[in-house]
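> Here is my input, please return the structure:
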Amino acid sequence: MSTVGVGEEAIQNGPEPRAGWVLYDAECGVCSRWVSSWAPTLKQYGFAVAPLQSPWVEGRTGLAPSDLVKEMRLLERGGGMHSGANVYRFLMRRVWWAYPVYLLSMIPGLRNVFDWGYRTFARHRGRISASCGLR
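Have a look, this model is predicted:
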């Protein structure tokens, strides 16, 4: 299995991550910036990062490329897949210092606000990246 790491660096035939992969839209400037900042932390918790556009992702998820890039995804090593705001919840639940935010994101009402915020960002991420001057 080949994986693609942050930026343009590819790790060919490297070991699979302990927990799974966080998949992001490499064409989104905000997403790419986020990943480069958080990849070391994610690695500590057993996650590798890879662009949704990586050739192996479509085969592994069974999703069409147009569906893949609608929102971020998390592939668990055991085969489970999470998408959208649930990726953040999945990760925050496992990172001790983010756990309080996870709890807030689960409260009825706040859960809806959290999900709405994610969906709104995901829908407009291209415009947000452009207005921030990110590639």
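
> Can you pull out the residues in contact with the helix or strand harbouring residue 101?
In this assignment (DSSP states H and E), residue 101 forms part of helix 99-106. For helix 99-106, contacts defined as Cβ atoms under 8 Å, 6 or more residues apart in numbering pick out 85, 88, 89, 92, 93, 110, 111, 114. All C-beta spots, glycine's among them, are computed from the backbone N, C-alpha and C.

> which ones are touching the last one?
Going back to what we said before, that points to residue 114. Counted by Cβ under 8 Å, 6+ apart, residue 114 has contacts 85, 88, 104, 105.

> Kindly recompute the last result at 7 Å.
Counting by Cβ atoms under 7 Å, 6 or more residues apart in numbering, residue 114 touches 85, 105.

> Could you number the chain from 227 rather than 1 from now on?
With 227 as the first residue, the last one maps to residue 340.

> For the helix or strand hosting it, buried residues please.
Assigned by DSSP H and E, residue 340 belongs to helix 336-357. With burial defined by 16 or more other Cβ atoms under 10 Å, the residues of helix 336-357 counted as buried are 340, 341, 344, 348, 351, 354, 355.

> Would you state the helices of the protein in chain order?
255-270, 281-287, 291-294, 311-320, 325-332, 336-357 (DSSP state H).
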